[in-house]
Structure formats: structure tokens, C-alpha cells
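Enquirer: The sequence isn't on hand, but the structure is:
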């Protein structure tokens, strides 16, 4: 279906986390609802779907792009030169395109028992449960996707991949954000930022 014929949400919708551990947004009854800035404080993160299709005004499960919303203390968040911070970080909140750059597995944040997760950088790393790659949730860096059919890969801002911890070799891309009151809206500025390995989503 063409983009002009579909209704796609640019906001983020809470999804069921892949964990049996207690999760704050499950306990607060937010599954299926829109993520708001006021739901977060430093140290909170959530599994969400971005660009979900709607049917009769309601989000259609399974149609969105997997993402993580994370909030860190602004002063603790490392941000590289060459990018406008306000395009990606709103009061310490940012969005990660949630596909590990190794084999596109969905990673998680505080979704494994501490004794099962490698804690090289503490418990606040984004962690891939398939092959144990870790990403530093407090450090954002510039990366480049591998070459594609159109030539050199796109540059992008991503969450920092911890070297020599798991097989992934570059960071997971961030999703540019805008604030609409209390709403957090993701903006698709360059689809090549989110197309890598064999992962394709029709909503991009």
C-alpha cells in the first residue's frame, strides 16, 4: 500500500517487553499507548514501536519499526560534533532504532536478570541477547553504514558500540526527534540510516 494511502503514526507506542522481569510501563498500564515525555525520568527506558499503521484510528500491532526510548541525565550524555543535539535528544530522551547491527536481532535495556547480563559497563547498556553485543547508553557517535546498491553507505548518529564485546561492529542508529507538547515524534529524514543488513520494514 502506498504511503499516501496509509495512516502511519510518527509517535512511539509502548510494546510488550521481551522479559519476565517487572517493567515500569507494564505496571503503569501503558502497553499500546503513546509514549509521552512526562512518562520518563533519567534511568528509564522502554521498548516501543515507531511508524505503526492505524486501523480505524487504533495502532495495528506488528506493523511498526522496533525502537527503544531511553532517558539519561543530560550532563552524562556524550554527544559528537557535527550534529544538532536538539534534533536527537529532548531533555535527555532519545530514540534508538532497535536492531543490532550484527544480525538485526532486537536488543533490550534492563530486560535480563543481572546475573545473566554482562555488566562490563554496568547495567545500563543496551544488550543483544543473541550474541552479547553491548552498546553504551550514555555515548552517541557518528557511524557509516556499509556500502549499498547506491554506493557509499549513509552516515548516521548511533548509540556507541562497545568494542570487543559481541560481534556487532558499529552502533545502532538514532531516530531524529521532535517535541509536540508532551508528545515525542520521530522524523524520517533519511531512510538509509535505518536500512542495513537484510532488515527491511515497509513502514520506512
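Expert: Nice, I can see it. For clarity, every value in this text was computed on a predicted model and none was experimentally measured. Numbers count the residues shown, from 1 in each chain.

Enquirer: Show me the longest strand that occurs in this protein.
Expert: Longest strand in the chain, counting residues (DSSP state E): strand 134-144.

Enquirer: Centre of the chain to it, how far?
Expert: Counting by C-alpha atoms, centre = their mean, to the nearest Å, strand 134-144 is centred 12 Å from the centre of its parent chain.

Enquirer: same deal with stretch 54-61?
Expert: 21 Å.

Enquirer: any low-confidence regions in this structure?
Expert: Along the chain, segments meeting pLDDT under 70 span 1-6, 109-123, 147-152, 190-204.

Enquirer: can we see that at 50?
Expert: For the chain, applying pLDDT under 50 flags the ranges 1-4, 197, 200.

Enquirer: residue closest to the middle of it?
Expert: Closest residue to the average C-alpha location of the chain: residue 96 at 2.1 Å, with C-alpha atoms, centre = their mean.

Enquirer: you'd agree it is in a helix?
Expert: No - counting by DSSP: H, G, I helix; E, B strand; the rest coil, residue 96 is not part of a helix but strand.

Enquirer: Packing partners of the longest strand of the chain?
Expert: Contact here means 3 or more C-beta pairs under 8 Å, 6 or more residues apart in numbering; DSSP states H and E; on that basis strand 134-144 packs against strand 125-127, strand 155-161, strand 172-175. In short, each C-beta sits where N, CA and C put it, glycine included.

Enquirer: closest one to residue 138 among these?
Expert: Of all the helices and strands packed on strand 134-144, strand 155-161 sits nearest to residue 138, with 8.2 Å by C-beta to C-beta.

Enquirer: picking up where we left off before, mind listing what the residue nearest to the centre of the chain touches?
Expert: Residues in contact with residue 96 (C-beta atoms under 8 Å, 6 or more residues apart in numbering) are 67-70, 126, 135, 158-159, 172-175.

Enquirer: rerun at 6 Å
Expert: Residues counted as contacts of residue 96 (C-beta atoms under 6 Å, 6 or more residues apart in numbering) are 68, 159, 172.

Enquirer: Run through the bridge partners of the second one.
Expert: In this entry, residue 159 is beta-bridged to residue 140, residue 172, by DSSP bridges.

Enquirer: for the first one, same thing?
Expert: Note on residue 68: beta-bridge partners residue 47, residue 96, judged by DSSP bridges.

Enquirer: quick one, the longest strand of the chain and strand 155-161 angle?
Expert: 160 degrees (axes from the mean of the first three to the mean of the last three C-alpha atoms, to 10 degrees).

Enquirer: circling back: any figure for the gap between the residue nearest to the centre of the chain and residue 172?
Expert: Using C-beta to C-beta, to the nearest Å, residue 96 is found at 5 Å from residue 172.

Enquirer: ok so residue 86 is a strand residue?
Expert: No - using three-state DSSP, the secondary structure at residue 86 is helix, not a strand.
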